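Trainee: Generate coordinates for the sequence data below:
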Amino acid sequence: MALKPNSADGRTRSWVQIFIVFGLCCFFYILGAWQRSGFGKGDSIALEITKHGADCNIIPSLNFETHHAGEVGNVGESEKIKSFQPCPPRYVDYTPCQDQKRAMTFPRDNMIYRERHCPREEEKLHCLVPAPKGYVTPFPWPKSRDYVPYANAPYKALTVEKAIQNWIQYEGNVFRFPGGGTQFPQGADKYIDQLAAVIPITNGTVRTALDTGCGVASWGAYLWSRNVLTMSFAPRDSHEAQVQFALERGVPAVIGVLGTIKMPYPSRAFDMAHCSRCLIPWGANDGMYLKEVDRVLRPGGYWVLSGPPINWRNNYKAWQRPKEELEEEQQKIEDVAKLLCWEKKHEKGEMAIWQKRVNDESCRGREDDSQAKFCKAEEANDVWYKKMDVCVTPYTDVSSSSEVAGGELKPFPERLFAVPPRIASGSVPGVSVETYEEDNNIWKKHVNAYKKINRLIDSGRYRNILDMNAGLGGFAAALNSPKLWVMNVMPTIAEKDTLGVIYERGLIGIYHDWCEAFSTYPRTYDIIHAHGLFSLYKDKCNLEDILLEMDRILRPEGAVIFRDEVDVLIKVKKITAGMRWDTKMVDHEDGPLVPEKVLVAVKQYWTVGGNTTSAQ
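Mentor: Now for the predicted structure:
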């Protein structure tokens, strides 16, 4: 016989619950006001997420604990939480796979020592990389393009080394970036205007660009206003903190070098590639580096070379190099460009521009060239730790001389949601046009839900965003905004390689294996998104190592969004409990019965020798 419920007890519990919720709302409101008052360290605006997580107006269906308090609250309560300690202060700018001390043990030939060399398992750090004392949240874009807080990257070497080239200036407690460069002393904008006189930069035809040896990435920073998204890279500390400065400015960049390993990008990815006095020996090794640029350059794309040896006749004295050496260097470049069937469109001053042909129909003669060794077509996207070869990447077949090999792209922004040619042609197994369109609709719904959980998304608070398992790029496409950019990562163990699709949408990304550290400095990203990542890497490597790497590259008070199966997220939540993160689990947008859940986290503010600021 069922017992009759005690209505008085029920009313009492209801009033207690209302009182608790009311108290929490008041507490977080007062805390938010305190943080905004300026008494807290750093820009504590990100802690608003946690406040909104307890907001009286939050949508009930997104409150995971309301429906699953038993599941979350009781799991692992008897187990002791592992607490991760801060790393020593010397690791404040630690880049595990580009560690300077380790790098010097490798050969210097072809820049091998500057390539990725990751620590062995027993060498990995199991601590939290600290922020430098005085660290603050970067200025919002577009102010961040021109100013970086000195405390975030306190290195003045470039202000001396590049003083006459207008790269960077130190002014009080900030660095200022005037937009200059070695090859554009009048500023990046005027330099880009020169390019735009030859290359269709303004009409959406050129959307993705690659900047090799980028310096502080002013070229990419100023291309942003032209709606061109640039992937910039440079070696770790060829000049001190150059890539770190780029990222602090809010410009997409990674640590990288053209050495012996293929670039971690798919074939036919970029509309434009650029080298401004980047010191890469383009004619060396039988033109191997130019052939690698050709691999990642889209048919019809442009390559820009600015600086030596271009126009050597007029510049050899200023460059203090023998004119015979420069002449030979330029001739090698011209010979390789001819072999690749690039058409020279422009040469003036110290700038030359070539255009890659749209297909192989006009290059039939090179098949008889004894130097035209062709790569295997199926290896064009097989790049992770694969050696560069001196072969030429073949075009895909076409049916007419006017057809663009691989398919013609629509101008941006139309290209963002248009069906990418790789999907339309059926070259991505298991992904149809219908699958692609359904994926877009799903991610629009997911991103709308994220914006309800974290109302600061697309407010200007977050600039650098990382998607650790990007799929078809639906998250980045749904999030597309002039205020932010997304680095789309294609895990090397993913079932389907869709990074080429992502580039065809006018987005950027990179191949990476998350069992290793990412090629970036600490405190690089404002938001990290991990959809299905921990299910993907289950039994592949230690989840703790992945989470510690996420902590390394996440800014203080940055946010993380995990989307995965509930049992996986419970394990993640347990590990993060010892990482100075505040977390909250919420339901899938379609309700509590869907096994996929969302775990939201905020990294607490703390620095070398400082205390933690938390909303909990």
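Trainee: which SS state does Arg313 fall under?
Mentor: At Arg313, secondary structure determined by DSSP: H, G, I helix; E, B strand; the rest coil is helix.
Trainee: can you tell me which residues contact the nearest residue to it once chain neighbours are set aside?
Mentor: In space, and not counting its chain neighbours, Arg313 is closest to Lys323: 7.1 Å by CB to CB, 6 or more residues apart in numbering. No exception for glycine: its C-beta is placed from N, CA and C like everyone else's. By CB atoms under 8 Å, 6 or more residues apart in numbering, the contact list for Lys323 reads Trp312, Arg313, Tyr316.
Trainee: Which among these count as buried?
Mentor: Taking 16 or more other CB atoms under 10 Å as the criterion, what is buried in the contacts of Lys323 is Trp312, Tyr316.
Trainee: out of the contacts of Lys323, who's nearest Asn381?
Mentor: Asn381 has its nearest neighbour among the contacts of Lys323 in Trp312, at 36.3 Å by CB to CB.
Trainee: a helix runs through Asp335, doesn't it?
Mentor: Yes: counting by three-state DSSP, Asp335 is located in a helix.
Trainee: That one reaches Trp282, doesn't it?
Mentor: No: using CB atoms under 8 Å, Asp335 is not in contact with Trp282, being 10.9 Å away.
Trainee: Please say which of those two ends up with more neighbours.
Mentor: In this view Asp335 and Trp282 are compared by other CB atoms under 10 Å, and Trp282 has more residues nearby, 23 against 15.
Trainee: Where does the more buried one fall, secondary structure wise?
Mentor: Here Trp282, judged by DSSP states H and E, is contained in no helix and no strand.
Trainee: Distance check, it against Gly500.
Mentor: 25 Å (CB to CB, to the nearest Å).
Trainee: before we move on, what about Glu334?
Mentor: Glu334 is 30 Å from Gly500, by CB to CB.
Trainee: same thing with Lys291?
Mentor: Look at Lys291 and Gly500: by CB to CB, they are 19 Å apart.
Trainee: which intervals of the protein have sub-threshold pLDDT?
Mentor: Low-confidence segments of the chain (pLDDT under 70): 1-79, 158-166, 238-239, 365-370, 610-616.
Trainee: how about a cut-off of 50?
Mentor: 1-13, 16, 20-21, 24, 26-78, 615-616 (pLDDT under 50).
Trainee: Show me the longest strand that occurs in it.
Mentor: The residue-count maximum for a strand in the chain (DSSP state E) belongs to strand 554-565.
Trainee: Mind checking which of Glu334 and Gly500 has more residues around it?
Mentor: Comparing Glu334 with Gly500 by other CB under 10 Å, the one with more neighbours is Gly500, at 24 against 15.
Trainee: Give me the secondary structure label for the more buried one.
Mentor: Taking three-state DSSP, the label given to Gly500 is helix.
Trainee: Please apply the same query to Ala151.
Mentor: helix.
Trainee: Contacts only, for it.
Mentor: Ala151 is in contact with Pro132, Lys133, Gly134, Tyr135, Val136, Asn173, counting by CB under 8 Å, 6+ apart.
Trainee: same thing but at 10 Å, please
Mentor: Residues in contact with Ala151 (CB atoms under 10 Å, 6 or more residues apart in numbering) are Ala131, Pro132, Lys133, Gly134, Tyr135, Val136, Asn173, Val174, Thr607.
Trainee: Surely the fourth one touches Pro556?
Mentor: No: counting by CB atoms under 10 Å, Gly134 does not reach Pro556; the two are 11.5 Å apart.
Trainee: Looking only at neighbour counts, state which of these two leads.
Mentor: Per other CB under 10 Å, whichever of Gly134 and Pro556 has more neighbours is Pro556, with 25 against 16.
Trainee: For this structure, which residue occupies the most central location?
Mentor: What sits nearest the mean C-alpha location of the chain, by CA atoms, centre = their mean, is Met487, with 2.9 Å.
Trainee: Then that one would be within a strand, right?
Mentor: Yes: Met487 sits within a strand when classified using three-state DSSP.
Trainee: Wait, it touches Tyr511, no?
Mentor: No: in this structure, Met487 is not within contact of Tyr511 by CB under 10 Å, at 11.8 Å.
Trainee: Quick check: neighbours shared by the two?
Mentor: Joint contacts of Met487 and Tyr511 (CB under 10 Å, 6+ apart) do not exist.
Trainee: before we move on, back to that, what's the overlap in contacts for Asp335 and Trp282?
Mentor: With CB under 10 Å, 6+ apart, Asp335 and Trp282 have common neighbours Leu290.
Trainee: Can you report how many residues neighbour Glu408?
Mentor: Quick note: Glu408 (other CB under 10 Å) scores 12 neighbours.
Trainee: right, and the helix or strand after the strand or helix carrying Asp526?
Mentor: Assigned by DSSP H and E, Asp526 belongs to strand 525-531. Following strand 525-531 in sequence order, the next helix or strand is helix 533-536 (DSSP H and E).
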